[in-house]
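[1] sequence first, then the predicted structure:
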Amino acid sequence: MLRHPVECATPGLVWSEQRMATTPHTHDTTAVEIQTRRHSAAHVMAEAVLELFPGARLGIGPAIEDGFYYDFDLPRTLTPDDLIAIEARMVEIIARNAPFSRRTLGREEALSHFRGQSQSFKVELIEALTSDVVMGARDTLAGSSDAAALAGSEVSLFRQGGFEDLCAGPHVARTGDVGVIKLLRVAGAYWRGDEHRPQLQRIYGTAWPTQSELDAYLWRQEEARKRDHRRLGIDLGLFLFSDQIGAGLPIWGEDGALLRSVVEDFWKVEHRAAGYQYVYSPAIGLTDLWNTSGHLSFYRENMYAPIVMDEQQFMLKPMNCPFHLQVFNRRTRSYRELPIRYNELGTVYRYEPAGTLHGLLRTRGFTQDDSHIFCRPDQLDAEVNGVLDLGLKLWKTFGFHDYHIELAVRDPANTSKYLGDDERWVQAEAVLERALKSHNLEYVRAEGEAVFYGPKIDLKLVDALGRRWQCTTIQVDFNLPERFDLSYIGEDGAHHRPFMVHRALLGSLERFIGVLIENYGGAFPTWLAPTQAIVLPVADRHNGYAESVERALTDRGVRASSDVRSERVNAKIRDAQLRKIPYMLVVGDREAEAGTASLRLRSGDNLGAIALADVVTRITDEIDAKA
RNA sequence: GCCGAUGUAGCUCAGGGGUAGAGCAGCUGUUUCGUAAACAGCAGGCCGUGGGUUCGAAUCCCACCAUCGGCUCCA
């Protein structure tokens, strides 16, 4: 049993509170208890590391979802053996069952205390912490401080055994209450997340009340690994990467390409129905184009080097916007034709640092489901609303019903990073905010997250395991129309500047399909499955009937095949199961005689013999319903 | 890009200074079978790439590339 946590009322370290706040279900008592346990485990780990590496400097050590970490500055890099040794020492410390105790120190006292121990990161934390508390600015490290107010502030410290740490708490009562721990991995992490500051060694671990809960967690991790789209991509033959092509450049294999084309076809039909006009644009454009668009000033580090031909410089496109602007601009536009909505599955190339590549979720070449909408000021609200309507329809059809939404706005402290005047930024933010509210979508404001040409809505899809995936982005762009001098002739006969909405609803086909794979664990709903039905003849003499069954399905547009190998049905079923094919139609003497098929579902359910026509209807109905 | 780990057959992995091993997949043959793996045989690798050490390197050292776990960044 977990005893009552040590009480703590002092305003504490910003970081631990932030972590707690970002963890779901914090109001749940058991969640608070487990967070307390894990945070205490981090202290135990720090004690163990200090016992083994007396000179170690400590960074921060919060509880995180499913575990905890602590950052250390150590004289040498840790090896897997070190991890074992640290874990063993932690088990000892937990067995010592030392009580956690709290005391407070004045700011100056605390500073000299940690200076005396050469714990410079702790010193920095106190300096930041006390000013934050006084100034009420939780996220600001720097900032002017009121000396008088600071002098009176206090910080809390927690001790267990021979180890004392700056900490807001709360903690468990004794080290024995930490529970069952396991260290998972070591990773480099920049101090305060800043790549210009020292890199520390971060040890990740997890802690649970009992061994069986730890085992259950490790089992869940294993299950999650089985859903990894990179694993499934290989197993199901969906896509591949090749050393001969280059990192971050996926190739779609047979079934992956089929899946992708199903997604694309559906996307195109829905966009046409929503009043979009499809356009095509080239992969490269003259350097001057990217100058005009502002990409060379604001996006160059993500762009590939110029291609020189005939004394002209071209650059590979990292975005599709400038091309769509050209389509709009090719002739004078009337206010009567607005809104104009161009869409394109546009393949872009962006340089991404090698260490950030991750299967289909982070690549160097990807195809955005892109669109640019040009409209009058009085149409802007309706257009953004229309984008959300279409988005919701798509996401729901693909099986995503929960979203995590951010309204990304400028960093007010650094407006020089952005193009365009204040008034338009304020206007753009207001339009996005109104659209979210009118759809009753909850969102959080994210300052400093806007792109250089406008504020945006970033929408993350929440998958079957509760994980969030950044896919959608909806941006109001007041800047590119200006740069390319877009205009339309208004009712008054004068030129007016159109507004522009830039949006990708699935994000990129690569990432979206990666997310689809993980969400469904490779077992796609029938309308998406590359092979929707497979006919399994019991013996070779049933191959003829099997092929007629297959034809009955393919004639109705079902993606079906037959497994006519000289294998036993058991083997054919096993292979079909592993390929996660939704429908298996077993046919033998009885079925051939009666004109039926014995229907087995991917779930393992055996529905028995069903008249062929009914099987076909059942499958086509399900495909049509996109269920 | 930064920190760490890893790289052996299509896949999963063993081996480890003296000219490469298993299972599955593949191919061939036999089997004709009723809801998650029939049997036998064959074939398959410049041990990520390039240097170095050595009589000899897949094995040791260095560099690079890629992948994995994180950090930072993002569709």
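    Arrived safely, thanks for sending.

[2] is the residue positioned nearest the centre of chain A bridged to anything, and to what?
    For chain A, the residue sitting closest to the mean C-alpha position, by Cα atoms, centre = their mean, is A:Trp469 at 2.7 Å. Under DSSP bridges, the beta-bridge partners of A:Trp469 are A:Leu461.

[3] phi and psi next, for A:Val501.
    A:Val501 adopts backbone torsions of phi -110, psi 130, taken as degrees, to the nearest 10.

[4] that one contacts A:Val384, correct?
    Yes: counting by Cβ atoms under 8 Å, A:Val501 touches A:Val384, with 6.2 Å between them. Every residue, glycine included, has its C-beta placed from N, CA and C.

[5] joint contacts of the two?
    Counting by Cβ atoms under 8 Å, 6 or more residues apart in numbering, the residues touching both A:Val501 and A:Val384 are A:Ile474, A:Val476.

[6] tell me the domain ranges of chain A?
    For chain A, automatic domain parsing gives the domain ranges A:14-224, A:232-518, A:533-625.

[7] interface residues of the stretch 101-250 of chain A facing RNA strand B?
    A:185-190, A:193-195, A:199, A:201-202, A:204, A:228, A:230, A:234, A:241, A:243, A:246-248 (Cβ under 7 Å from any atom of the strand).

[8] isn't A:Asp563 right next to A:Ile534, touching?
    Yes: if you go by Cβ under 8 Å, A:Asp563 and A:Ile534 touch, sitting 5.9 Å apart.

[9] joint contacts of these two?
    Counting by Cβ under 8 Å, 6+ apart, the residues touching both A:Asp563 and A:Ile534 are A:Ala576.

[10] quick one, which of these two is more surrounded?
    A:Ile534 (25 against 20; other Cβ atoms under 10 Å).

[11] the domains of chain A: lowest mean pLDDT?
    If you rank these by mean pLDDT, domain A:14-224 sits at the bottom with a mean of 80.

[12] A:Asp310: neighbour count?
    Applying other Cβ under 10 Å, we find 5 residues neighbouring A:Asp310.

[13] would you mark the buried spots in the helix or strand where A:Ile234 lies?
    A:Ile234 belongs to helix A:229-235 when assigned by DSSP states H and E. Neighbour-count burial for helix A:229-235, with 16 or more other Cβ atoms under 10 Å as criterion, is recorded at A:His229, A:Arg230, A:Leu232, A:Gly233.

[14] now stretch A:182-199
    Buried residues in stretch A:182-199 (16+ other Cβ under 10 Å): A:Lys182, A:Leu183, A:Leu184, A:Val186, A:Ala189, A:Trp191, A:Arg192.

[15] and it, how far out from the chain's middle?
    Distance of stretch A:182-199 from the chain centroid (Cα atoms, centre = their mean, to the nearest Å) equals 20 Å.

[16] ok, which residues in the stretch 501-627 of chain A are in contact with RNA strand B?
    Residues of the stretch 501-627 of chain A lying near RNA strand B (Cβ under 7 Å from any atom of the strand): A:504, A:507-508, A:510-511, A:538-541, A:566-571, A:573-574, A:577-578, A:584, A:586-591, A:598, A:600, A:604, A:606, A:608-609.

[17] taking the residues you listed, please make a ChimeraX selection of just the buried ones.
    Buried residues among those (16+ other Cβ under 10 Å), as a ChimeraX selection:
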select /A:504,507,508,510,511,538,569,573,584,586,587,588,591,598,600,609
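
[18] out of the residues of the stretch 501-627 of chain A next to RNA strand B, name the ones that lie in strands.
    If you go by DSSP state E, those have A:Ala504, A:Gly507, A:Ser508, A:Met584, A:Val586, A:Val587, A:Ser598, A:Arg600, A:Asn606, A:Gly608, A:Ala609 in strands.

[19] so how far is A:Thr363 from the third one?
    Spatial separation of A:Ser508 from A:Thr363 under the definition Cβ to Cβ, to the nearest Å is 8 Å.

[20] likewise for the first one?
    From A:Ala504 across to A:Thr363, the span is 15 Å (Cβ to Cβ).

[21] give the buried residues for stretch A:372-386.
    For stretch A:372-386, burial by neighbour count (16+ other Cβ under 10 Å) applies to A:His372, A:Ile373, A:Phe374, A:Cys375, A:Arg376, A:Gln379, A:Leu380, A:Asp381, A:Glu383, A:Val384, A:Asn385, A:Gly386.

[22] report the distance from the strand or helix carrying A:His113 to the chain centre.
    Assigned by DSSP H and E, A:His113 belongs to helix A:107-116. Chain-centre distance of helix A:107-116: 41 Å, with Cα atoms, centre = their mean.
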